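Novice: quick one: sequence plus predicted model below, questions after.
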Amino acid sequence: MRGLITLILLLTSFSALGATEFRFTYEKGEQFRILSRVDEEVYINGVFSHRADILNRISIEVVETKGDSGLIRARFLTSERTSGSQNVFEWAQEYESEFWRDSQGYYDIAPEYYMPVVRDVPVFPDKDLSPGDTWVAEGWEVHDFRVNFGITEAYRFPVQVGYEYLGKGELEGKIYDIILVRYAVFHQGFPVASSSGLHPIRIVGKSVQIIYWDHELGRPCFYKEEFDIIIELSSGDSVEYIGKAEAEVIESSRMNRLEIASEIQSAIEEKGVEDTQVNITEEGITLVLENIQFPPDSAWLPAVEKRKLEKIAQILKNYPGRDILIVGHTALAGTEEGRKTLSIERAKAVGEYLLSAGARKPEELIIQGVGATQPVSDNTTEEGKRQNRRVEITILEN
């Protein structure tokens, strides 16, 4: 926690006198995305297990407003790279969520949604605040324990959150209002339906956050967190997560998909990139690289494919500021597990090469392998297999 305490002390020099009103504001049609990075160490029964670098991309759209509240539709893409991995982040899970949030920060969300994990944080009292003011309010943590413990329902419990308005501080040349957020977790678990037979019997820990509040936009623009959470299980085992997190809001505007797709198609033809199609999809603009010439059962990129990807990288550089999703596909051969693994490794090889060519930064690229689950042609013919053996590179809308 020492780093956050130092930051708090530095902020005092920027504090300003006078009361300030804090309110979330919403405008129908506004869109932005949140890029969240988590660096954590995982311990099992007190013994170090692994380190994980987690990247979360959250696309936000305000689809409706009513009174002082906004109806928010959000898409959460989680990706991860663990100890020993290369540069690319691998797709983990995708969540959809929809909820109302009012001007004080309180959520109205259906119980079936797993995201966001932390809710009703921050919230503000119904009064103006001056530097040094403190307040306490109830927040919620909600966890998806389906994979780890076989718990099908969203696992939720309350936390008492303490706040302090620290005053004003500078971030990248702009002045923001700074809020300190702290809460301790102490939740006595309860029996739940679990296919694994495991369930948490106690969850303890703490979180300390610094939030940079943008009054002009009526929402946070950046935050930092340090956390330490321990989950004690019905088996007698414990899992501890110790780490740091930070997130920033990135304003986004819609792509002119028709115009950009046309430009990319022209560039592909001009550069002589073969076996490549350009499609407008729900996610954005997708470049379909058919018949990737990997050796059998290998993710090694031959020179001919590197030359193709170098041209693709030059095209992608013309459209910065958009995240890229690389999806590997295989034809119907071998086992399902083998196809999935091979498709991931091939998507990773393409992603690594595009990173080395400077097409994107690591946090702007995610890879996914889907094996032969999404064929576009008949796997009983050689031509069909050629079309199914592909890599798709999508410039994402958000």
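Specialist: That came through fine.

Novice: flag the shaky bits of this structure, pLDDT-wise.
Specialist: 1-18, 82-86, 398 (pLDDT under 70).

Novice: apply 80 and report the result again.
Specialist: Along the chain, the parts satisfying pLDDT under 80 run over 1-19, 82-87, 190-197, 251-253, 291-297, 379-380, 382-383, 385-386, 398.

Novice: so where do the helices sit in it?
Specialist: Along the chain, counting by DSSP state H, helices occupy 2-11, 146-149, 257-271, 303-316, 336-356, 382-388.

Novice: can you show me the strands along the stretch 201-350 of the chain?
Specialist: 219-233, 238-251, 276-280, 284-290, 324-328 (DSSP state E, counting those that start in this stretch).

Novice: out of those, deepest packed?
Specialist: strand 324-328 (a mean of 24; mean count of other C-beta atoms under 10 Å). Where C-beta positions appear, they are placed from N, C-alpha and C, glycine not excepted.

Novice: now do that strand: everything it contacts.
Specialist: Contact with strand 324-328 is made by 91, 283, 316, 342-348, 350-351, 354, 359-360, 364-370, 391-396, as judged by C-beta atoms under 8 Å, 6 or more residues apart in numbering.

Novice: hmm, back to that, of the helices of the chain, which is nearest Tyr43?
Specialist: When these are compared by C-beta to C-beta, helix 146-149 sits nearest Tyr43, at 14.9 Å.

Novice: how about the helices of the chain, which one is nearest Ala247?
Specialist: Ala247 lies closest, by C-beta to C-beta, to one member of the helices of the chain: helix 2-11, at 15.0 Å.

Novice: got the buried residues for stretch 264-280?
Specialist: Within stretch 264-280, the residues that count as buried by 16 or more other C-beta atoms under 10 Å are 264-265, 267-268, 273, 276, 278.

Novice: try stretch 154-170
Specialist: Neighbour-count burial for stretch 154-170, counted by 16+ other C-beta under 10 Å, picks out 154-155, 157, 159, 161, 163-169.

Novice: from the residues you listed, which land in strands?
Specialist: 155, 157, 159, 161, 163-169 (DSSP state E).

Novice: let's have the strands of the stretch 201-350 of the chain in CSV, adding distance to Arg257.
Specialist: What follows is the strands of the stretch 201-350 of the chain, written out as CSV (distance: least, C-beta to C-beta, whole Å):
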stretch, distance to Arg257
strand 219-233, 27
strand 238-251, 19
strand 276-280, 5
strand 284-290, 6
strand 324-328, 15
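
Novice: so which of those gets nearest Lys66?
Specialist: Among those, the nearest to Lys66 by C-beta to C-beta is strand 219-233 (17.6 Å).

Novice: strands paired with that closest one, and their directions?
Specialist: Looking at strand 219-233 with DSSP bridges, its partner strands are strand 200-214 (antiparallel), strand 238-251 (antiparallel).

Novice: how about those in JSON lines, adding distance to Asn379?
Specialist: Listed next are the strands paired with strand 219-233 as JSON lines, based on distance: least, C-beta to C-beta, whole Å:
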{"stretch": "strand 200-214", "distance to Asn379": "44"}
{"stretch": "strand 238-251", "distance to Asn379": "40"}
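
Novice: so for Asp120, which of those sits nearest?
Specialist: Going by C-beta to C-beta, the one of these nearest Asp120 is strand 200-214, 13.6 Å.

Novice: check the offset of that closest one from the chain's centre.
Specialist: Computed by C-alpha atoms, centre = their mean, to the nearest Å, the chain-centroid distance of strand 200-214 equals 18 Å.
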